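J.: Take this sequence and fold it.
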Amino acid sequence: MLMKTKEKRVKKDAKILRKFIHIYCKTHHGKHEGGYCPECREVLEYALKRDEKCPLDPKPKCKDCHIHCYTPEMRRKIREIMKFSGMYYIKRGRLDWLFHYFF
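T.: Numbers count the residues shown, from 1 in each chain. Below you'll find the model as predicted:
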């Protein structure tokens, strides 16, 4: 049962990461084949790999984690992406993203 919970969380996190990075990339880097520029695809793959291999259970939000498995540069990039995309969705009435951010 624990494994199913982790798989479910990883899938949910991956869905959110893909949407947030897609919006950021489309707005800042224009349209690309496959939906992401090479830089944003690298950030997405890095974040997905880190999320999947998180050793903590239950996994905290990355911003509240005491381990910080992201490199400082990737941490800066993902923070920028999440901040921009979060505001983007909130301004367009997607309050469910705000709920996810705080809870």
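J.: CA only for contacts and neighbour counts going forward, please
T.: Noted.
J.: Which residues are in contact with residue 32?
T.: residue 26 (Cα atoms under 8 Å, 6 or more residues apart in numbering).
J.: Which element, helix or strand, includes it?
T.: Per DSSP states H and E: residue 32 is located in neither a helix nor a strand.
J.: Then residue 42?
T.: Secondary structure (DSSP H and E) places residue 42 in helix 38-52.
J.: Going by contacts, tell me the helices and strands next to that helix.
T.: helix 2-29, helix 72-91 (3 or more Cα pairs under 8 Å, 6 or more residues apart in numbering; DSSP states H and E).
J.: And these, which one averages the lowest pLDDT?
T.: Of all those, mean pLDDT reaches its minimum on helix 2-29 (a mean of 85).
J.: ok now it, how far from the chain's centre?
T.: Centroid displacement of helix 2-29 relative to its chain, using Cα atoms, centre = their mean, to the nearest Å, is 5 Å.
J.: now it against helix 38-52, angle please.
T.: Between helix 2-29 and helix 38-52, the angle comes out at 160 degrees (axes from the mean of the first three to the mean of the last three Cα atoms, to 10 degrees).
J.: Contact partners for the residue nearest the centre of the chain?
T.: When the chain is reduced to its mean C-alpha position, the nearest residue by Cα atoms, centre = their mean turns out to be residue 17, at 3.1 Å. Contacts for residue 17 (Cα under 8 Å, 6+ apart) come out as 44, 47-48.
J.: For residue 93, see how far away it is.
T.: With distances taken as Cα to Cα, to the nearest Å, residue 17 is found 19 Å from residue 93.
J.: And for residue 51?
T.: Counting by Cα to Cα, the separation of residue 51 from residue 93 is 27 Å.
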